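# sequence first, then the predicted structure, then my questions.
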Amino acid sequence: MTAIARLDGVALRLGRRFDLAIPELTFGPGVTAIVGTNGSGKTTLLRLVATVLRPDIGTITVSGNDTSTADGLVDTRRLLGYLPQHDTVPSRLTVFDHVDLVAVMREVAHSTSARRRAVGRAIRAVGLADVATERCGRLSGGQRRRVAIAAALAGDPQLLVLDEPDAHLDDGHRDELGRRLRERAVTVVLSTHDRQWASEVADRIVELRDGRVVSRR
């Protein structure tokens, strides 16, 4: 497996009761699902890969970029799509404007017209073309989750980091999301509480317990 993202000797302490320690972990093309109980470290691991958090020790590289350096961090974020665990979709923006804003921040495409086409494709991919001009505050929880997923997908990033992308989705939209993720020739790292869905969508499953990797399959 060719590694797109790699963690080497990574450790991070959060408060007195929890620490994450990953001696070595790689993510290559295809879908890797991170599973584990609440508090096992899934979100912390994904936030490290997404460069939201920085480790206390160790290195994280994405496509050869060392994320601890300023240049490496910038280059990584240009090729990264990230879906946080909690709803961060602003209520006052329209669906299109929110996805477009995220695309601007990620420097998607080299022209405004190309970026907007990429935004449109991402919105259609999650089945929200009919509400693209609606304000996000008027949408259901599942629709807002799909808006956030579209923002992560825009521009076809090389690495997708998705924290519980199946949350708030009905069975149909969850199955459709899994199909689209498997079709993409990129590296996808996602977390989920649904082990059955993980087994259906993922090429590899990594299980965490108390901030440690306990199995890989």
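Cool, got the structure. Numbering: from 1, shown residues only.
# and stretch 164-180, which residues are buried?
Glu164, Pro165, Asp166, Ala167, His168, Leu169, His173, Arg174, Glu176, Leu177, Gly178 (16 or more other C-beta atoms under 10 Å). Just so you know, the C-beta spots here come from the backbone N, C-alpha and C atoms, and that holds for glycine as well.
# same question for stretch 13-23.
Within stretch 13-23, the residues scored as buried using 16+ other C-beta under 10 Å are Asp19, Leu20, Ala21, Ile22.
# let me have those residues in CSV, extended by pLDDT.
Shown next, in CSV, are the buried residues of stretch 13-23 (pLDDT from 0 to 100):
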residue, pLDDT
Asp19, 93
Leu20, 96
Ala21, 97
Ile22, 97
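# closest to Gly58 out of these?
Ile22 (7.5 Å; C-beta to C-beta).
# I'd guessed that closest one sits against Gly58; true?
Yes: counting by C-beta atoms under 8 Å, Ile22 touches Gly58, with 7.5 Å between them.
# intersection of neighbour lists for the two?
Leu7, Gly9, Val10, Ala11 (C-beta atoms under 8 Å, 6 or more residues apart in numbering).
# may I see those residues organised as CSV, with distance to Arg216, neighbour count and pLDDT added?
Formatted as CSV, the shared contacts of Ile22 and Gly58 follow (distance: C-beta to C-beta, whole Å; neighbours: other C-beta atoms under 10 Å; pLDDT from 0 to 100):
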residue, distance to Arg216, neighbour count, pLDDT
Leu7, 13, 23, 97
Gly9, 17, 12, 97
Val10, 16, 22, 97
Ala11, 19, 15, 97
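# perfect, that will be all.
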